[in-house]
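Student: Below is the sequence, then the predicted model.
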Amino acid sequence: MRILSFILLSLLLLSEQQEDAHLTRERTRMVQTQIVARGITDPATLRAIGRVPRHLFVPAAQAADAYSDRPLPIGYSQTISQPFIVAYMTELVRPAKWKKALEIGTGSGYQAAVLAEIIDSVYTIEIVPGLALEATARLKMLGYKNIVTRHGDGYMGWPERAPFDIILVTAAADHIPEPLKDQLAEGGRLVMPVGDPATAQQLIVLTKRKGKITEQRLEPVRFVPLKRLK
Ligand code: SAH
């Protein structure tokens, strides 16, 4: 009996190891075919995307598709962005270890985890209480000690922790919230999808130099709308 349970346990561990190896291979392939192939070159971004277990950030029913080239539903009518978009936005904010980053729209916590692989100090705000709770538990379970999560309206930013070298907004609005511009540090970069939240948006990069903000317009994108607390 004891031998039988030993054999069963060994088989179980072996199949788990094979599953892990399979997912790691899928992730490596995703980085090559979806991200490197489309022109992302920042080594820190590529390393981060290659490390974060995306399959643990999606509902179990979606895990088999975690490394496919598209956004996925995460419940509460929200989505986790396509891997390429996460990589593209990560590269755009120019992440570095010493910087302080604020993300608006925690969702699954995936983008925050990718930032936290590179940056020492990541803050993230989510407006849907269920998602905020789930992401907080997930990030803790995965051992990310450099991410501080909060439930609330990201439109107002996080004044107590400002200024931020990086502000990354992962939900769309027809303008960039004034409080976020104010909370951008000197030399900082803010990236946000701006346009009609119901149809198409464009990625905007703001840079603050000597207190002056300059704007750069990039690719067309599609994000879920930035909500407001009533
Ligand atoms: N970055 C996420 C995906 C973003 S989806 C990830 O990696 O999984 C956009 C998220 O923004 C949703 O979870 C949505 O609930 C949240 N959101 C919308 N409006 C918000 C607001 N005003 N403040 C904070 N979060 C908001």
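Tutor: Looks like it came in fine.

Student: Start and end of stretch 103-119, how far apart?
Tutor: 12 Å (CA to CA, to the nearest Å).

Student: One more: stretch 21-40?
Tutor: 25 Å.

Student: buried residues in that stretch?
Tutor: Buried residues in stretch 21-40, counted by 16 or more other CB atoms under 10 Å: 23, 27, 30-31, 34-35, 40. Where you see a C-beta, it was placed from the backbone N, CA and C, and this is true even at glycine.

Student: Give me the residues contacting it.
Tutor: 46, 49-50, 53-55, 66-67, 69, 83-84, 87-88, 91 (CB atoms under 8 Å, 6 or more residues apart in numbering).

Student: Now render these as CSV, adding pLDDT, neighbour count and distance to the ligand.
Tutor: Shown next, in CSV, are the contacts of stretch 21-40 (pLDDT from 0 to 100; neighbours: other CB atoms under 10 Å; distance: CB to the nearest ligand atom, whole Å):
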residue, pLDDT, neighbour count, distance to the ligand
Leu46, 98, 18, 17
Ile49, 98, 25, 12
Gly50, 97, 15, 16
Pro53, 96, 14, 13
Arg54, 97, 23, 9
His55, 96, 18, 13
Ala66, 96, 21, 12
Tyr67, 97, 19, 15
Asp69, 97, 13, 16
Pro83, 98, 25, 10
Phe84, 97, 18, 13
Ala87, 98, 25, 12
Tyr88, 98, 21, 13
Glu91, 98, 19, 15
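
Student: pretty sure Arg161 is in contact with Val122, am I right?
Tutor: No. Counting by CB atoms under 8 Å, Arg161 does not reach Val122; the two are 10.7 Å apart.

Student: out of those two, which sits in the busier spot?
Tutor: Remark: of Arg161 and Val122, Val122 carries more neighbours, 28 against 14, as counted by other CB atoms under 10 Å.

Student: From the contact counts, what lies against whichever strand or helix holds the more buried one?
Tutor: For Val122, the enclosing helix or strand under DSSP states H and E is strand 121-126. Packed against strand 121-126 by the contact rule (3 or more CB pairs under 8 Å, 6 or more residues apart in numbering; DSSP states H and E) you find strand 100-104, helix 110-116, helix 129-141, strand 147-151.
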